[in-house]
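Engineer: Sequence below, structure please.
(one chain, ligands or ions: 1)
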Amino acid sequence: MSDTGFPEAPTEGFGQVPAASAAGPSPEDVTALRTHGWTENEKLDYDAYNAAPTDITPTWATTAQVYEWNGEEGDVSPPDAELEQQLFGERHRAGTSLDHIMDFIANVEGPRQFNPIGGVLANVQLCGYEKITVIQAYCVPIILAGHDLVAVAQTGSGKTAAYLVPIISKLMGKVRKLQGPRTVAGSRVRAEPLVVIVVPTRELAQQIFDEARRLCYRSMLRPVCAYGGILMGINLQELGKGCDLLIGTAGRLNDLMNKPDILSMRRVKFTVIDEADEMLTPDWEDEMAKIMGGGGK
Ligand SMILES: Nc1ncnc2c1ncn2[C@@H]1O[C@H](COP(=O)(O)OP(=O)(O)OP(=O)(O)O)[C@@H](O)[C@H]1O
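Structural biologist: As a prediction, the model looks like this:
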């Protein structure tokens, strides 16, 4: 078991899958990749993802409760039993069918440790993540070391925590110094996030927000989720309470960036493009150019 609470990932054997050549993978490579769980690329079905709210895309998602740090406490604040039950109780499901993912052997060099400061590790444990997945074993040390990274892994392999855990870990202990304004006595403030996560669909935004609510529990970091298809007023209400992690669809982020009294990107330290193969296509060029450009002050 490592200091992280995760067992050390085995250090040999990963990379048995042959690398694809420039001309594309050979049939043998494709067979080998498939046996490792890789599937064909599927174009996102926007109509299905952006359909009217259902059990999968509930309307509460953007206004779901997050831990509210009140400014009087330390980096890791007191527990909230009711919220804890909501975040880590019955509704939450740690990956239950990750066995095939855990079987991979990660050839990762150097320390694979979370920042020892406070809460993230406790939240990882509350989430029930007993082992680190391969994509997490690769991403965590790279992000902790401050490098940019492009990561590709199967669906359901824990990519969200692979970037959220090290990003939150790096921010903890510095939030008070870095963060934007927070609401005082109900006043509305401009959202000045430290982290922006851009996604193509509201369903994905909700999933990431849910994970962020858990991993930010008891920290000073306040996650907010914003996506199209719901009233702008709902986004404004949540952003106006202060925002450290902003998870949003590209279109809605663009709309919000057009309102400089509502949202400023001037404090952003980390930018994540989830489903980057989708987002970095010409379809999204204008939106992504504006988001990556920071949109002025
Ligand atoms: N180390 C871990 N141990 C157990 N469960 C985990 C671990 N990391 C993440 N999970 C859980 O596994 C599930 C899948 O994770 P996640 O949604 O991040 O995968 P993903 O790779 O982003 O998937 P997708 O490509 O569909 O977005 C989630 O329920 C998450 O809570």
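
Engineer: could you pull out the helices for the protein?
Structural biologist: In the chain, the segments counted as helices under DSSP state H are 27-35, 46-49, 81-88, 99-102, 119-127, 134-144, 159-171, 175-178, 202-215, 232-239, 250-257, 276-279, 285-293.

Engineer: Find the least confident helix or strand in the protein, judged by mean pLDDT.
Structural biologist: Of all helical and strand segments in the chain, the minimum by mean pLDDT, DSSP states H and E falls on helix 46-49, at a mean of 58.

Engineer: sorry, back to before: and among the helices of the chain, the most buried is which?
Structural biologist: Compared across the helices of the chain, helix 159-171 shows the largest average neighbour count, a mean of 24 (mean count of other CB atoms under 10 Å). Every C-beta, even on glycine, is put in place using the N, C-alpha and C of the backbone.

Engineer: who's in contact with it?
Structural biologist: By CB atoms under 8 Å, 6 or more residues apart in numbering, the residues outside helix 159-171 that reach it are 114-115, 117, 120, 124, 127, 129, 133, 135-136, 138-141, 143-144, 146, 151, 153, 178, 194-195, 207-208, 211-212, 215-216, 219, 221, 244-245, 269-270, 272, 274.

Engineer: how far does it sit from the chain's center?
Structural biologist: How far helix 159-171 lies from its chain's middle: 7 Å, per CA atoms, centre = their mean, to the nearest Å.

Engineer: Mind exporting the C-alpha coordinates of that helix to PDB?
Structural biologist: Provided in PDB are the C-alpha atoms of helix 159-171 (Å, rounded to 0.1, in the frame of the first residue of the first chain):
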ATOM      1  CA  LYS A 159     -10.700   9.600 -16.200                       C
ATOM      2  CA  THR A 160     -12.600  12.200 -14.200                       C
ATOM      3  CA  ALA A 161     -10.800  11.500 -10.900                       C
ATOM      4  CA  ALA A 162      -7.600  11.100 -12.900                       C
ATOM      5  CA  TYR A 163      -7.500  14.900 -13.400                       C
ATOM      6  CA  LEU A 164      -9.800  16.200 -10.600                       C
ATOM      7  CA  VAL A 165      -7.800  14.500  -7.800                       C
ATOM      8  CA  PRO A 166      -4.400  16.000  -8.700                       C
ATOM      9  CA  ILE A 167      -5.800  19.400  -9.700                       C
ATOM     10  CA  ILE A 168      -7.700  19.700  -6.400                       C
ATOM     11  CA  SER A 169      -4.700  18.400  -4.600                       C
ATOM     12  CA  LYS A 170      -2.500  21.000  -6.100                       C
ATOM     13  CA  LEU A 171      -4.900  23.800  -5.300                       C
END
